[in-house]
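Q: Sequence and predicted structure, then a few things I'm wondering about:
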2 protein chains.
Amino acid sequence: MPELSDQRRYAEDAAVVLSGLGLPPAYGKLLGWLLICDPPGQTSAQLSAALGLSKGSVSTGMRMLESSGLARRVPVPGHRGHAYEVRPDAVIRIAADASKFRVFRELMERGLKVVGGDDAPGTERLRMMRDFYAFIEDEMPRLVERFEAEYGAKGDHDG
Amino acid sequence: MPELSDQRRYAEDAAVVLSGLGLPPAYGKLLGWLLICDPPGQTSAQLSAALGLSKGSVSTGMRMLESSGLARRVPVPGHRGHAYEVRPDAVIRIAADASKFRVFRELMERGLKVVGGDDAPGTERLRMMRDFYAFIEDEMPRLVERFEAEYGAKGDHDG
DNA sequence: TCGTGTGTTCAGAACTTACTGAACATTCGA
DNA sequence: TCGAATGTTCAGTAAGTTCTGAACACACGA
């Protein structure tokens, strides 16, 4: 281990956290780095050098970050390619992403079909769980709105 | 593939969903099966036979489910060992588990230390994200309470 | 106390996944 | 249109994870 900078170490730590959620380490490294790097926009070459990842890994990883809406490309004047930066609302997107809840709700829904009728032992619990996930799915956007209102009022920020 | 029953297939599907969150397939299979099986309490031997898992895998997997509070042991009269069943509030525990949010908040907190001062490019965004996670962490228990109140009122359920 | 039915642990095998590196594609400036 | 810089894809490999199976530990009834 050749003496990691604080920033680089931060990217590594982010990778550990994201791995825990089932995402590839390279994905977490890239996101972590983009959260704290200066300048905020980084080219593939910069990312590759900073994180010790191959061009291929950077390409694939940034593609994932883009398609999940966490990063975007920005043009670089006088440069052939583009740079990447995290979107301002990136982490809100992670949390507010309802698809995670939807998947669970659907699983409960399917469970109800399989469990074997209205008086099967698991029916009541499955109904409750289904309703719970539907509830959260519904309320999450509202919660985000409330946060934005409160936070905007407190500090007065642009998008 | 020797003709899976609907129930068994359901367990397999649950495994896929849980794998997506970074959990071992055996863990998901066990949870999925316990959600829909009849009787609701199952011994190790039953689980092993139903899911085609070794005794070892059942032991390890159920240990995980227990320690994350999703399943519990129940005594079986006239039987040497015990049975396992999912806890009634299992899935609420998954969702309401604040530790996931805390980990992210701490990551943002650490980012602020690394990003390089108050006017570094990422500072503002990191602050917002930190506050956002703190907000969710705070509100999640309240949301669960609201669900329980609404749900209890609607259907009148015991624990 | 012993025997039997259960539960646990862990080394190793089997499998899965992520990363690299090189070939290929693309884009832009001249 | 060409050349150079950048981006993408993918086969192969390295690394990591999960599952099994067998040895071991434990608890209960007789």
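A: Received the coordinates, thanks. Bear in mind that the values here come from a model prediction, so they are computed numbers and not experimental data. Numbers count the residues shown, from 1 in each chain, chains lettered A, B, ... in the order given.
Q: so who does the closest residue to chain B within chain A touch?
A: With C-beta to the nearest C-beta, the shortest gap between chain A and chain B falls at residue A:22, namely 3.2 Å. (Glycine included, C-beta is placed from N, CA and C.) Counting by C-beta atoms under 8 Å, 6 or more residues apart in numbering or on different chains, residue A:22 makes contact with B:19-23.
Q: how does it look with 7 Å?
A: B:20-22 (C-beta atoms under 7 Å, 6 or more residues apart in numbering or on different chains).
Q: Out of the residues you listed, list just those in helices.
A: Counted as lying in helices by DSSP state H, out of these, are residue B:20.
Q: Chain neighbours aside, what residue packs nearest to the residue of chain A closest to chain B?
A: Nearest residue to residue A:22, sequence neighbours excluded (C-beta to C-beta, 6 or more residues apart in numbering or on different chains): residue B:22, at 3.2 Å.
Q: wait, is residue A:72 part of a helix?
A: No. With DSSP: H, G, I helix; E, B strand; the rest coil as the criterion, residue A:72 is assigned strand and is not in a helix.
Q: residues near it, how many?
A: As a burial measure, residue A:72 scores 17 neighbours (other C-beta atoms under 10 Å in any protein chain shown).
Q: who touches it in this structure?
A: By C-beta under 7 Å, 6+ apart, residue A:72 lies in contact with A:66, A:85, A:87.
Q: The second one pairs with what?
A: I take that to be residue A:85. Listed by DSSP bridges, the beta-bridge partners for residue A:85 are residue A:72.
Q: ok so, going back, filter the contacts of residue A:72 down to the buried ones.
A: The neighbour count (16 or more other C-beta atoms under 10 Å in any protein chain shown) marks A:85, A:87 as buried among the contacts of residue A:72.
Q: Thought residue B:127 was touching residue A:88, still the case?
A: No. If you go by C-beta atoms under 7 Å, residue A:88 and residue B:127 don't touch, sitting 12.0 Å apart.
Q: Show me which of these two is the more surrounded one.
A: residue B:127 (19 against 15).
Q: I appreciate the help and will end here.
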